[in-house]
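> Next come a sequence and a model predicted from it.
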Amino acid sequence: MSPITPTPIKPLKPLRGVRVLSLALNLPGPAALMRLKAMGATCLKAEPPAPKGLPAGTSGDPMGQYNPTAYATLHDGIQRITIDLKAEKGQTRLHTELVRTDLLLTSFRPSALAKLGLGWKALHKAYPALSVVAIVGAPGARAEEPGHDLTYLADAGLVTGLDLPPTLFADMGGALMASEAALKAVLAQKTSGKGSFQEVALSDAAAWLALPRHWGLTQPQGAVGGAHAGYRVYPCKNGRVAVAALEPHFAAALCAAAGIAMSGMATLFKPDTHQAIAAFMAGQTRQQLDKLAAAQDIPLHTLAG
């Protein structure tokens, strides 16, 4: 008998048939739009004209100017048009698009939207079935405050030294929350027939990501903050190793490999256990540790120095 080839599982496309128009620039809006497209939505991005003096074809989205690679990835397969929202012609084009739009994605301050005639009350009156997902910096009355990813992370307690965070947590977390809000809006529209307004604050995204730290989990005294010897980054002979042997069976395997007698989980919180595991790791190469992980079922990942 010939082997049976499994049928590939097709990804779900819950937003197939939903038309999304985005006016959102920089990172959170385009990242959310990328996710909506992946869920099957028909996505259109409207951008302002590029500043004068830039080469022809330059995007009016600042991301396209300061990181073309990221911009290209975010907008792969997404139709883009140029609209000057401050001009009458641009407003006409915008409202032509809104007639056939199910969901509008924005990232302006509320006052800027109001000046452009795009406040929620005006839009809902003109297009009752249209939903809006508005990405703002901070919620409610604070939506007019200036800010960026770094300031929201700092406010949430996620900037702990002078080094910049390794990625844009608030922006990317906000993009996830915006795509979630879009799904909620589409579900609500299907049951009520009316559009809804969803506000997504980047500061709320940062606060959500910061919860484990506020609970103490990632504080130095926390199990995943450094207090547990099986959940740390250690130097090894030719690099580093990230060890995540948190559960008892993983911790027991790690202790056995390092020659440590384990008498309950309390063992992993003792200073001498930290020292013993550090000494063991320092004597191993990345290749040896990779083999150990596979043979003994220990969750670890080796890294260059």
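Okay, I see it.

> give me the element residue 198 is part of.
Residue 198 belongs to strand 197-201 when elements are defined using DSSP states H and E.

> Which SSE is immediately downstream of that strand?
Counting by DSSP H and E, the next helix or strand C-terminal to strand 197-201 is helix 202-214.

> hmm, back to that, and the strand holding residue 198, how far from the chain's centre?
Its chain's average C-alpha position is 16 Å from that of strand 197-201, according to CA atoms, centre = their mean, to the nearest Å.

> residues in contact with it?
Residues outside strand 197-201 that contact it (CB atoms under 8 Å, 6 or more residues apart in numbering) are 120, 124, 131-140, 142-143, 174, 177-178, 181-182, 184-185. Backbone N, C-alpha and C define where each C-beta goes, glycine included.

> of those, buried ones?
Buried members of these, counted by 16 or more other CB atoms under 10 Å: 120, 124, 131-138, 143, 174, 177-178, 181-182, 185.

> In helices, which of those appear?
In this view, the buried ones among the contacts of strand 197-201 that belong to helices under DSSP state H are 120, 124, 174, 177-178, 181-182, 185.

> Widest-spaced pair of the residues you listed?
124 and 174 (23.3 Å; CB to CB).

> now for the host helix or strand of residue 242, which elements pack on it?
Using DSSP H and E, residue 242 maps to strand 239-244. With contacts defined as 3 or more CB pairs under 8 Å, 6 or more residues apart in numbering; DSSP states H and E, strand 239-244 has these neighbours: strand 231-236, helix 271-282, helix 286-296, strand 300-303.

> got the buried residues for the very next helix or strand once past it?
Using DSSP H and E, the helix or strand that follows strand 239-244 in sequence is helix 248-258. Within helix 248-258, the residues that count as buried by 16+ other CB under 10 Å are 250-255, 257-258.

> got it, and stretch 12-21?
For stretch 12-21, a neighbour-count test (16+ other CB under 10 Å) marks 15, 18, 20-21 as buried.

> Closest to residue 34 out of these?
Taking CB to CB as the measure, residue 34 lies nearest residue 20 of the buried residues of stretch 12-21, at 11.1 Å.

> Quickly list what the closest one is bridged to.
residue 43, residue 103 (DSSP bridges).

> Isn't it up against residue 41?
Yes: counting by CB atoms under 8 Å, residue 20 touches residue 41, with 4.7 Å between them.

> what residues do the two have in common as contacts?
Both residue 20 and residue 41 are contacted by 103, 182, under the criterion CB under 8 Å, 6+ apart.

> Nearest residue to the middle of the protein?
By CA atoms, centre = their mean, the mean C-alpha position of the chain lies nearest to residue 172, the distance being 2.6 Å.

> Name the nearest residue to it, sequence neighbours excluded.
Counting by CB to CB, 6 or more residues apart in numbering, residue 172 lies nearest to residue 31, which is 6.1 Å off, once chain neighbours are set aside.

> Which helix or strand contains that neighbour?
Residue 31 belongs to helix 28-38 when elements are defined using DSSP H and E.

> Next, the angle from that helix to strand 197-201.
Orientation of helix 28-38 against strand 197-201 (axes from the mean of the first three to the mean of the last three CA atoms, to 10 degrees) gives an angle of 120 degrees.

> in stretch 258-267, what counts as buried?
Buried residues in stretch 258-267, defined by neighbour count with 16+ other CB under 10 Å: 258, 260, 262, 267.

> just checking, the last one touches residue 258?
Meaning residue 267. No: contact criterion CB under 8 Å: residue 267 and residue 258 do not qualify, at 11.1 Å.

> Can you give me the first-to-last residue distance of stretch 163-175?
Start-to-end span of stretch 163-175 (CA to CA, to the nearest Å) is 24 Å.

> List the buried residues for that stretch?
The neighbour-count check on stretch 163-175 (16+ other CB under 10 Å) flags 168-175 as buried.

> So the protein: which segments form each domain?
The chain breaks down into these domains under automatic domain parsing: 19-213, 223-303.

> So, low pLDDT: which residues of this structure?
For the chain, the stretches with pLDDT under 70 are 1-6.

> Check the buried residues of stretch 163-175 and tell me the two furthest apart.
Spatially, the most separated pair among the buried residues of stretch 163-175 is 169 and 175, at 10.8 Å (CB to CB).

> Near the residue nearest to residue 172, how many other residues are there?
Close neighbours of residue 31, defined as other CB atoms under 10 Å, add up to 24.
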